[in-house]
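S.K.: Dropping the sequence and predicted coords here.
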Amino acid sequence: MNDHLHKSGDVVGERYEVFEYLGEGGMQQVFRARDTLLDRDVAVKVPKNSSAQKRFKRSAVVSALVNHANVAKTLDYVEDAGRTYLVEELISGRDLSLIRADHLSFFDPHLSARVLHHLAKGLRAAHHANVVHRDLKPSNVMVVGGNQLLDFKITDFGIAKMAEAVIAEAAVDEKSLNASLTAMGAIPYMSPEALKSLKDAKLPADVWAIGAIAYELLTGEKPFGAGFVAAKNILDGNPPPVPAIVGYRSQFRKLGEELMQIILTCMTNDPVKRPTADQLVAACESLCYSNYQPEVGTVRNFVYQGGTCGFIARPEKSDVFFHQDSHYGEGTLKIGERVSFGTHVGGGADRAFPILRCR
Amino acid sequence: MPLNLPARYKLTTKGFGGGGMGTTFVCLDEHLERSVLVKELQDGVDQKRITDELRALAEIRSKHVVQIYDVIKDDEGNAKAIVEELLEGNDLVDSAAPKDVYAFLYVTLQIASGIADIHEHGRVHRDIKPNNMKFDSEDVLKIFDFGLSRLHGVDSSTMAKIGTPGFMAPELFFATKGGTVQFSKAVDTFAFASTAYFLVARTIPKCLQKFPPALPCADADFGAYPIKLPAEVVGVLNSCFSVDPDDRPEMSHVRDVIAKYLLTDRHRAQLVVKNGLHTLSSANRIVNIAAGQGRGSCRIAYDGNSFVLSKVAGYVSMNNVIVADGMMLVNSCVLCFGSPDLGGQRLFIPIDVSHPEVNA
């Protein structure tokens, strides 16, 4: 048995016909539904319990203040049979934490730069509307196209409003507050001021979180570790280390270092000294990166030069030539390994760059 | 007001009367506590057509096309009004003119991208003009007011209703046998060029305002534009004014040409030479590479838009293609010096070319 709040065929607000259950977060379930008025698919979010429901309208109103291509669009809010519903743009894809869990442990500097740039633009729009997210983490970033990594959108602006209510009820003592936060998976991305008092987290806390997300994307590691260890490290105020992977191969070093520099300024201890979202976007605009669309393939064989270059097999397409130096990551690629890569025109075979090892 | 507003929408201000569409109102949507634009549709417009168009509009996923939220219907189920995203800013008529080439390209890139997105969805806007586009609060240009009701049964006597003089392509003035005017996406391309012309000139050439436009004419020439544009941009914009719709370029091509010149002098090429890094950019435009040991040599020069190979001597290949003078670097490549029989004795230089992301 499942405890889904709706089943296929349910109609909400005389307009939205539920198709399927998509998933859930700490506070809400998400369904794919058909907007029968405009004949388009949408995402319908329903709060799971009464304490979340109480703040749901407020949370919907807040999220509707943000209107940007890198933020999931708020389309409608309806009440029906005692329940409340937020209708959002449907993003066909998966969230960033799932991509990292089963597809790519980390992204190369080009891809990471694109993600940071796009998230920063979404954040800038929110901050211009004076909306703080307060709960930015990889599971709140939707990746359009899933493993194709077409585009990146922030979701759940306004969820902090609900979270506040839920936490306020749960947090009779500090221990259970920490437990709720840990359960929400937010700690590794929280700024020192947010850890001290979530209510006091203002715009710079989001900039910190975006920096922490980008750090993890670029290196595969959380900047301050996971769980309670992270909380201690963040509060101690020591800057995170720069993992060797960033400068590991020459072709990625320059962009990797430029990007890491921006990321580290986002995680400056003093909130006042962090870049604003405007400044963060400007910094990203100065970066030179390749806007490639990744494909997935398998290392087939090696030719020439003792295994430093070879070919990657693609499903239903011709093989792609690759060089080990185009691989962002530790060690060398082996035959049979699955890889994600960009493709560039070449004679005889196209050429792969950059290359990432799949999980 | 004949329109029956659902309870959630509270009228705040009465807007302007708008062209082929009916009256426009600003309302507060009490569900999401945000202001929205309500556009009343004209009576007598075929409902099926409106429904088709609305669905198409709802399907278009473009950051340069206005978002539709709701449709207001009467008791018989006929669509009476559409509810859409309210753009608070000025339209392109009331916005300041772009002051230099970069600003001009930045705005026209957004217009061209939006129209290309619409065409990619198989749709025609039908009324592209500066009044029908605005910047949102994030300075992203958005196109609105699709010519929903301007589809059918138009003859020369009602010509004024199908578009705006100065922005109407020549073929719109010649009805086919059935008495109707054919709308192809090329009418948007023509109107795009008029819009681009207006941006800095702040006027439309007189020859375009004639019925039909008198083309070719000396005034409708981006070569004589108040700001000096790159020759390739002039060429592609002028071709949008072609009398024959088939001679007008795809908007995706127009978009790509404009994007190319927005990046002038902003590219970077990185060469990995024996694990060291060499960077070419506007600050350091030329490198000469000599592999030695008779393997070959060449020059790479950055001309502001491309990295061009020249002075090629010996056996030099790029991604396995023999290099000749005048070839350009592909975005990611390996230059190889020395003939294939040298095997691992050849010199390999991986190069990647990148640039900032310039779209809004």
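M.R.: Yep, it's here.
S.K.: Near chain B, which residues of the stretch 201-350 of chain A are found?
M.R.: Within reach of chain B by Cβ under 8 Å from any Cβ of the partner chain, the stretch 201-350 of chain A has these residues: A:250-251, A:253-255, A:284-291, A:304-306, A:321, A:323, A:325-326, A:342, A:344-350. Every residue, glycine included, has its C-beta placed from N, CA and C.
S.K.: Next, the contact list for the closest residue in space to residue A:75 that isn't next to it in sequence, please.
M.R.: What sits nearest to residue A:75 in space, not counting adjacent residues and going by Cβ to Cβ, 6 or more residues apart in numbering or on different chains, is residue A:87, at 4.6 Å. Going by Cβ atoms under 8 Å, 6 or more residues apart in numbering or on different chains, residue A:87 touches A:16, A:33, A:35, A:42, A:43, A:44, A:45, A:74, A:75, A:76, A:77, A:78.
S.K.: Helices along chain B, start to end?
M.R.: Taking DSSP state H to define them, one finds helices in chain B at B:47-59, B:101-120, B:186-201, B:231-239, B:251-262.
S.K.: which of these is buried the deepest?
M.R.: Of all these, helix B:186-201 carries the top mean neighbour count, a mean of 24, counting by mean count of other Cβ atoms under 10 Å in any protein chain shown.
S.K.: Strands of the stretch 1-150 of chain A, start to end?
M.R.: A:11-12, A:16-24, A:28-35, A:40-47, A:74-80, A:83-89, A:93-95, A:141-144 (DSSP state E, counting those that start in this stretch).
S.K.: Reformat those strands as a markdown table; add mean pLDDT.
M.R.: Putting those into a markdown table (pLDDT from 0 to 100) gives the following:
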| stretch | mean pLDDT |
| --- | --- |
| strand A:11-12 | 96 |
| strand A:16-24 | 93 |
| strand A:28-35 | 94 |
| strand A:40-47 | 94 |
| strand A:74-80 | 95 |
| strand A:83-89 | 94 |
| strand A:93-95 | 94 |
| strand A:141-144 | 96 |
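S.K.: could I get those as a markdown table with distance to residue B:311?
M.R.: Shown next, in a markdown table, are those (distance: least, Cβ to Cβ, whole Å):
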| stretch | distance to residue B:311 |
| --- | --- |
| strand A:11-12 | 69 |
| strand A:16-24 | 58 |
| strand A:28-35 | 59 |
| strand A:40-47 | 56 |
| strand A:74-80 | 58 |
| strand A:83-89 | 53 |
| strand A:93-95 | 48 |
| strand A:141-144 | 45 |
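S.K.: low-scoring stretches of the stretch 151-300 of chain B, by residue?
M.R.: Scanning the stretch 151-300 of chain B for pLDDT under 70 picks out B:151-162, B:175-182.
S.K.: Regarding stretch B:282-298, how distant is the last residue from the first?
M.R.: End-to-end distance for stretch B:282-298, by Cα to Cα, to the nearest Å: 19 Å.
S.K.: Let me see the contact set for residue A:114.
M.R.: Counted by Cβ under 8 Å, 6+ apart, residue A:114 has contacts A:152, A:289, A:291, B:357.
S.K.: Run a quick neighbour tally on the first one.
M.R.: Residue neighbour count, defined by other Cβ atoms under 10 Å in any protein chain shown, stands at 21 for residue A:152.
S.K.: rewinding a little: quick one, which of the helices of chain B gets closest to chain A.
M.R.: If you check each of the helices of chain B against chain A by Cβ to the nearest Cβ, helix B:47-59 wins as the nearest, at 4.0 Å.
S.K.: and that closest one, is it in reach of chain A?
M.R.: Yes: for helix B:47-59, a contact with chain A is found by Cβ under 8 Å from any Cβ, at B:54, B:55, B:58, B:59.
S.K.: pLDDT-wise, what's the bottom of these?
M.R.: Among the residues of helix B:47-59 next to chain A, residue B:55 has the lowest pLDDT, at 79.
S.K.: Disregarding residues adjacent in the polypeptide, which is nearest to that one?
M.R.: Nearest one to residue B:55, counting by Cβ to Cβ, 6+ apart, is residue A:39 at 4.5 Å.
S.K.: Over to residue A:225?
M.R.: residue A:233 (5.8 Å).
S.K.: quick one on the thing from earlier: just the ones of the residues of the stretch 201-350 of chain A next to chain B in helices?
M.R.: Short answer: those in helices (DSSP H) are A:250, A:251, A:253, A:254, A:255, A:284, A:285.
S.K.: between the residues you listed, which is closest to residue B:322?
M.R.: Ranked by distance to residue B:322 (Cβ to Cβ), those are led by residue A:251 at 23.7 Å.
S.K.: The closest one: neighbour count?
M.R.: Residues lying near residue A:251 (other Cβ under 10 Å) number 25.
S.K.: per-residue confidence for it?
M.R.: As predicted, residue A:251 sits at a pLDDT of 88.
S.K.: That one touches residue B:272, doesn't it?
M.R.: Yes: judged on Cβ atoms under 8 Å, residue A:251 makes contact with residue B:272 at a distance of 5.2 Å.
S.K.: joint contacts of these two?
M.R.: A:325, B:350.
S.K.: What residue, apart from its backbone neighbours, is nearest residue A:20 spatially?
M.R.: In this structure, residue A:20 finds its nearest non-sequential neighbour in residue A:32, 5.1 Å apart by Cβ to Cβ, 6+ apart.
S.K.: residues near that neighbour, how many?
M.R.: Using other Cβ under 10 Å, residue A:32 is surrounded by 16 other residues.
S.K.: Beta-bridge partners for it, please?
M.R.: residue A:20, residue A:43 (DSSP bridges).
S.K.: That one and residue A:13, how far apart?
M.R.: The gap separating residue A:32 from residue A:13 is 16 Å, by Cβ to Cβ, to the nearest Å.
S.K.: and the gap between residue B:316 and chain A?
M.R.: 13 Å (Cβ to the nearest Cβ, to the nearest Å).
S.K.: got the domain boundaries for the chain?
M.R.: Using chain A here. According to automatic domain parsing, chain A comprises the domains A:11-89, A:93-285, A:295-357.
S.K.: That was the other one, I meant chain B.
M.R.: Taking automatic domain parsing as the reference, chain B has its domains at B:9-85, B:101-262, B:268-354.
S.K.: okay if I get those as CSV plus distance to residue A:121?
M.R.: Below are the domains of chain B laid out as CSV (distance: least, Cβ to Cβ, whole Å):
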stretch, distance to residue A:121
domain B:9-85, 10
domain B:101-262, 8
domain B:268-354, 19
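S.K.: Looking at the ones you listed, spot the one closest to residue A:115.
M.R.: domain B:268-354 (15.4 Å).
S.K.: first vs last residue of that closest one, how far apart are they?
M.R.: Terminal residues of domain B:268-354 lie 5 Å apart, using Cα to Cα.
S.K.: centre of the chain versus it, how much separation?
M.R.: 34 Å (Cα atoms, centre = their mean, to the nearest Å).
S.K.: same check, this time on stretch A:289-306
M.R.: Relative to the centre of its chain, stretch A:289-306 is centred 25 Å away, using Cα atoms, centre = their mean.
S.K.: Contacts only, for the residue nearest to residue B:189 when sequence neighbours are not counted.
M.R.: Excluding its sequence neighbours, the residue lying closest to residue B:189 (Cβ to Cβ, 6+ apart) is residue B:248, at 4.4 Å. Counting by Cβ under 8 Å, 6+ apart, residue B:248 touches B:186, B:189, B:190, B:239, B:240, B:241, B:242.
S.K.: So residue B:248 versus chain A, what's the distance?
M.R.: From residue B:248 over to chain A the distance is 27 Å, taken as Cβ to the nearest Cβ.
S.K.: backbone phi and psi for that residue, please?
M.R.: phi -80, psi 140 (degrees, to the nearest 10).
S.K.: Redo the contacts of residue B:248 as CSV? Include distance to residue B:9.
M.R.: Below are the contacts of residue B:248 laid out as CSV (distance: Cβ to Cβ, whole Å):
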residue, distance to residue B:9
B:186, 38
B:189, 36
B:190, 37
B:239, 45
B:240, 39
B:241, 42
B:242, 44
